[in-house]
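Trainee: Test case, fold it:
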Amino acid sequence: MGKLDGQVAIVTGGSRGIGRAVALAFAREGARAVITAVEDRQALEKTEGEIVALGADGFGMLANVARRGDIDHLVQSVIAKWGRIDILVNNAGILRLAPLENISEERWDDTLSVHLKGTFNCTQAVIPFMKQRRKGKIINLAAPSALRGSYGVADYAAAKGGIIAFTRNAASELKIYNIQVNCISPTADTRMTKALTDFRREQLGIARRERESVSPEAIAPAFVFFASSDSDYISGQLLEVGRI
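Mentor: So this is what the prediction gives:
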(Lines give C-alpha, C1' and ligand atoms only; values in the text may rest on other atoms or scores of the structure.)
Protein backbone atom coordinates (compact mmCIF):
# COMPACT_ATOMS: atom_id res chain seq x y z
CA MET A 1 0.00 0.00 0.00
CA GLY A 2 1.08 3.53 -0.74
CA LYS A 3 1.09 6.42 1.69
CA LEU A 4 -1.58 8.23 -0.34
CA ASP A 5 -3.85 5.37 -1.40
CA GLY A 6 -7.22 6.57 -2.63
CA GLN A 7 -6.52 10.24 -2.01
CA VAL A 8 -7.11 12.98 -4.57
CA ALA A 9 -4.36 15.51 -5.19
CA ILE A 10 -4.27 18.68 -7.27
CA VAL A 11 -0.81 19.86 -8.37
CA THR A 12 -0.83 23.21 -10.16
CA GLY A 13 1.92 23.70 -12.70
CA GLY A 14 2.19 19.92 -12.75
CA SER A 15 3.16 19.37 -16.38
CA ARG A 16 6.91 19.77 -15.95
CA GLY A 17 9.72 20.40 -13.47
CA ILE A 18 8.99 20.14 -9.77
CA GLY A 19 5.23 19.88 -10.30
CA ARG A 20 5.63 16.91 -12.62
CA ALA A 21 7.99 15.14 -10.22
CA VAL A 22 5.57 15.70 -7.33
CA ALA A 23 2.53 14.49 -9.30
CA LEU A 24 4.35 11.32 -10.32
CA ALA A 25 5.55 10.72 -6.76
CA PHE A 26 1.96 11.07 -5.53
CA ALA A 27 0.77 8.64 -8.20
CA ARG A 28 3.37 6.08 -7.11
CA GLU A 29 2.01 6.37 -3.59
CA GLY A 30 -1.52 5.57 -4.78
CA ALA A 31 -3.01 9.04 -5.20
CA ARG A 32 -5.26 10.20 -7.99
CA ALA A 33 -3.29 13.09 -9.45
CA VAL A 34 -4.80 16.11 -11.18
CA ILE A 35 -2.32 18.46 -12.84
CA THR A 36 -2.65 21.87 -14.44
CA ALA A 37 -0.73 23.96 -16.95
CA VAL A 38 -1.53 27.42 -18.20
CA GLU A 39 -1.06 26.78 -21.93
CA ASP A 40 1.31 23.91 -22.83
CA ARG A 41 -1.21 21.19 -23.66
CA GLN A 42 1.47 18.90 -25.10
CA ALA A 43 3.47 18.83 -21.86
CA LEU A 44 0.26 18.41 -19.88
CA GLU A 45 -0.82 15.40 -21.92
CA LYS A 46 2.66 13.86 -21.72
CA THR A 47 2.70 14.00 -17.92
CA GLU A 48 -0.90 12.81 -17.76
CA GLY A 49 0.19 9.78 -19.78
CA GLU A 50 3.04 9.12 -17.37
CA ILE A 51 0.62 9.17 -14.43
CA VAL A 52 -1.66 6.66 -16.13
CA ALA A 53 1.34 4.49 -17.08
CA LEU A 54 2.08 4.13 -13.38
CA GLY A 55 -1.33 2.53 -12.94
CA ALA A 56 -2.76 5.60 -11.24
CA ASP A 57 -5.87 7.58 -12.06
CA GLY A 58 -5.64 11.24 -12.95
CA PHE A 59 -6.07 13.91 -15.57
CA GLY A 60 -4.69 17.23 -16.73
CA MET A 61 -6.48 20.51 -17.30
CA LEU A 62 -5.47 23.86 -18.73
CA ALA A 63 -6.01 26.50 -16.05
CA ASN A 64 -4.58 29.88 -15.12
CA VAL A 65 -4.32 30.02 -11.32
CA ALA A 66 -4.59 33.81 -11.42
CA ARG A 67 -8.14 33.50 -12.81
CA ARG A 68 -10.61 32.41 -10.16
CA GLY A 69 -13.05 31.15 -12.77
CA ASP A 70 -10.46 28.68 -14.08
CA ILE A 71 -9.81 27.38 -10.58
CA ASP A 72 -13.48 27.06 -9.67
CA HIS A 73 -13.99 25.03 -12.86
CA LEU A 74 -11.01 22.83 -12.02
CA VAL A 75 -12.20 22.15 -8.48
CA GLN A 76 -15.75 21.41 -9.58
CA SER A 77 -14.43 18.99 -12.21
CA VAL A 78 -12.44 17.12 -9.56
CA ILE A 79 -15.41 17.01 -7.17
CA ALA A 80 -17.71 15.79 -9.94
CA LYS A 81 -15.31 12.94 -10.73
CA TRP A 82 -14.25 11.80 -7.26
CA GLY A 83 -16.26 13.79 -4.71
CA ARG A 84 -13.23 14.81 -2.66
CA ILE A 85 -9.99 16.78 -2.62
CA ASP A 86 -7.41 15.67 -0.07
CA ILE A 87 -4.22 17.40 -1.20
CA LEU A 88 -3.42 20.70 -2.91
CA VAL A 89 0.06 21.66 -4.08
CA ASN A 90 0.31 25.33 -5.09
CA ASN A 91 3.25 24.99 -7.46
CA ALA A 92 2.33 27.05 -10.55
CA GLY A 93 4.66 29.96 -11.13
CA ILE A 94 6.46 32.25 -13.55
CA LEU A 95 9.93 33.78 -13.48
CA ARG A 96 10.96 36.86 -15.48
CA LEU A 97 14.39 38.21 -14.81
CA ALA A 98 15.42 41.87 -14.58
CA PRO A 99 17.22 44.19 -12.16
CA LEU A 100 14.91 45.89 -9.66
CA GLU A 101 14.91 49.25 -11.41
CA ASN A 102 13.81 47.62 -14.68
CA ILE A 103 10.77 45.76 -13.36
CA SER A 104 7.63 47.21 -14.90
CA GLU A 105 4.37 47.67 -13.04
CA GLU A 106 2.76 45.14 -15.41
CA ARG A 107 5.42 42.53 -14.69
CA TRP A 108 5.12 43.12 -10.94
CA ASP A 109 1.34 42.63 -11.09
CA ASP A 110 1.63 39.51 -13.27
CA THR A 111 4.15 37.85 -10.96
CA LEU A 112 2.14 38.51 -7.81
CA SER A 113 -1.06 37.43 -9.54
CA VAL A 114 0.30 34.03 -10.53
CA HIS A 115 2.20 33.24 -7.34
CA LEU A 116 0.43 34.98 -4.47
CA LYS A 117 -3.08 35.45 -5.83
CA GLY A 118 -2.90 32.02 -7.47
CA THR A 119 -2.03 30.40 -4.14
CA PHE A 120 -4.93 32.26 -2.52
CA ASN A 121 -7.36 31.32 -5.30
CA CYS A 122 -6.59 27.62 -5.19
CA THR A 123 -6.50 27.42 -1.40
CA GLN A 124 -9.79 29.22 -0.95
CA ALA A 125 -11.44 27.08 -3.63
CA VAL A 126 -10.60 23.75 -1.93
CA ILE A 127 -11.25 24.77 1.68
CA PRO A 128 -15.02 24.05 1.70
CA PHE A 129 -14.46 20.48 0.53
CA MET A 130 -11.65 19.83 2.99
CA LYS A 131 -13.72 21.29 5.82
CA GLN A 132 -16.61 18.96 4.99
CA ARG A 133 -14.36 15.95 5.53
CA ARG A 134 -12.38 17.63 8.32
CA LYS A 135 -9.18 16.64 6.60
CA GLY A 136 -6.76 18.18 4.15
CA LYS A 137 -3.17 18.90 3.19
CA ILE A 138 -2.13 22.13 1.48
CA ILE A 139 1.47 22.56 0.37
CA ASN A 140 2.67 25.94 -0.88
CA LEU A 141 5.95 26.79 -2.57
CA ALA A 142 8.35 29.47 -1.43
CA ALA A 143 11.87 30.12 -2.76
CA PRO A 144 15.35 30.79 -1.35
CA SER A 145 15.20 34.35 -2.71
CA ALA A 146 12.33 35.10 -0.31
CA LEU A 147 14.56 34.15 2.62
CA ARG A 148 18.00 35.42 1.65
CA GLY A 149 17.56 37.70 -1.35
CA SER A 150 18.92 37.30 -4.86
CA TYR A 151 19.46 39.31 -8.02
CA GLY A 152 16.94 40.04 -10.73
CA VAL A 153 13.93 38.49 -8.94
CA ALA A 154 12.57 41.20 -6.61
CA ASP A 155 8.97 40.62 -7.72
CA TYR A 156 9.29 36.83 -7.51
CA ALA A 157 10.92 37.01 -4.07
CA ALA A 158 8.24 39.39 -2.79
CA ALA A 159 5.49 37.03 -3.98
CA LYS A 160 7.18 34.04 -2.36
CA GLY A 161 7.64 35.96 0.88
CA GLY A 162 3.91 36.67 0.84
CA ILE A 163 3.24 32.97 0.36
CA ILE A 164 5.22 32.16 3.51
CA ALA A 165 3.11 34.60 5.52
CA PHE A 166 -0.07 33.29 3.88
CA THR A 167 0.91 29.73 4.78
CA ARG A 168 1.27 30.53 8.45
CA ASN A 169 -1.99 32.44 8.61
CA ALA A 170 -3.90 29.75 6.75
CA ALA A 171 -2.44 27.08 9.03
CA SER A 172 -3.63 29.00 12.08
CA GLU A 173 -7.16 29.47 10.73
CA LEU A 174 -7.63 25.95 9.39
CA LYS A 175 -6.17 23.88 12.22
CA ILE A 176 -9.60 23.49 13.86
CA TYR A 177 -10.72 21.63 10.73
CA ASN A 178 -7.71 19.27 10.77
CA ILE A 179 -6.29 20.90 7.65
CA GLN A 180 -2.50 21.20 7.65
CA VAL A 181 -0.88 23.97 5.60
CA ASN A 182 2.87 23.91 5.07
CA CYS A 183 5.41 25.49 2.77
CA ILE A 184 8.42 24.07 0.93
CA SER A 185 11.25 26.20 -0.40
CA PRO A 186 12.74 23.98 -3.11
CA THR A 187 15.92 24.34 -5.11
CA ALA A 188 16.26 21.97 -8.03
CA ASP A 189 17.38 21.96 -11.63
CA THR A 190 14.44 23.22 -13.69
CA ARG A 191 13.92 25.60 -16.59
CA MET A 192 13.52 28.43 -14.06
CA THR A 193 16.76 27.75 -12.21
CA LYS A 194 18.64 27.38 -15.49
CA ALA A 195 17.30 30.74 -16.65
CA LEU A 196 18.35 32.33 -13.36
CA THR A 197 21.82 30.78 -13.58
CA ASP A 198 22.29 32.05 -17.13
CA PHE A 199 21.03 35.52 -16.14
CA ARG A 200 23.37 35.76 -13.15
CA ARG A 201 26.29 34.61 -15.28
CA GLU A 202 25.48 37.24 -17.91
CA GLN A 203 24.84 40.09 -15.47
CA LEU A 204 27.24 39.32 -12.63
CA GLY A 205 29.63 36.64 -13.84
CA ILE A 206 28.31 34.23 -11.19
CA ALA A 207 27.65 30.62 -12.14
CA ARG A 208 26.32 27.71 -10.11
CA ARG A 209 28.69 24.85 -9.29
CA GLU A 210 27.69 21.62 -10.97
CA ARG A 211 28.19 19.58 -7.79
CA GLU A 212 25.19 21.41 -6.32
CA SER A 213 22.77 19.98 -8.87
CA VAL A 214 19.61 18.35 -7.48
CA SER A 215 16.86 16.87 -9.62
CA PRO A 216 13.16 17.60 -9.06
CA GLU A 217 12.69 13.90 -8.35
CA ALA A 218 15.16 14.12 -5.46
CA ILE A 219 13.01 16.64 -3.58
CA ALA A 220 9.61 15.07 -4.32
CA PRO A 221 9.69 12.91 -1.14
CA ALA A 222 9.38 16.08 0.95
CA PHE A 223 6.05 16.74 -0.73
CA VAL A 224 4.93 13.17 -0.11
CA PHE A 225 5.76 13.66 3.57
CA PHE A 226 3.65 16.81 3.87
CA ALA A 227 0.82 15.19 1.88
CA SER A 228 0.70 12.04 4.00
CA SER A 229 -0.47 11.22 7.52
CA ASP A 230 3.19 11.41 8.62
CA SER A 231 2.70 15.19 8.88
CA ASP A 232 -0.68 15.20 10.63
CA TYR A 233 0.76 17.13 13.56
CA ILE A 234 2.87 19.57 11.55
CA SER A 235 1.40 22.81 10.19
CA GLY A 236 2.50 26.35 9.41
CA GLN A 237 6.07 25.25 8.79
CA LEU A 238 8.65 26.13 6.15
CA LEU A 239 11.01 23.41 4.91
CA GLU A 240 13.99 24.09 2.67
CA VAL A 241 14.77 21.20 0.33
CA GLY A 242 17.48 20.87 -2.32
CA ARG A 243 20.75 22.74 -2.56
CA ILE A 244 21.78 24.43 0.68
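
Trainee: Assess the claim that L238 and I163 are in contact.
Mentor: No. Using CB atoms under 8 Å, L238 is not in contact with I163, being 9.8 Å away. Where C-beta positions appear, they are placed from N, C-alpha and C, glycine not excepted.

Trainee: Common neighbours of the two, please.
Mentor: A142, C183 (CB atoms under 8 Å, 6 or more residues apart in numbering).

Trainee: Those two - which one has more neighbours?
Mentor: Between L238 and I163, counting by other CB atoms under 10 Å, I163 is the more crowded of the two (25 against 16).

Trainee: Tell me which residue is most central in this structure.
Mentor: N91 (1.6 Å; CA atoms, centre = their mean).

Trainee: got any ranges where this structure has weak pLDDT?
Mentor: 189-213, 244 (pLDDT under 70).

Trainee: how does it look with 90?
Mentor: For the chain, the stretches flagged by pLDDT under 90 are 1, 39, 95-100, 144-146, 148-153, 187-214, 242-244.

Trainee: what's the longest strand in it?
Mentor: strand 179-187 (DSSP state E).

Trainee: ok, it: who's next to it in the sheet?
Mentor: In the sheet, strand 179-187 lines up against strand 136-141 (parallel), strand 238-242 (parallel) (DSSP bridges).

Trainee: looking at those, which is buried most?
Mentor: The highest mean neighbour count among these, using mean count of other CB atoms under 10 Å, belongs to strand 136-141: a mean of 25.

Trainee: moving C-terminal of that one, what's the next helix or strand?
Mentor: helix 144-148 (DSSP states H and E).

Trainee: Tell me the buried residues in that next one?
Mentor: Neighbour-count burial for helix 144-148 flags P144, S145, A146 (criterion: 16 or more other CB atoms under 10 Å).
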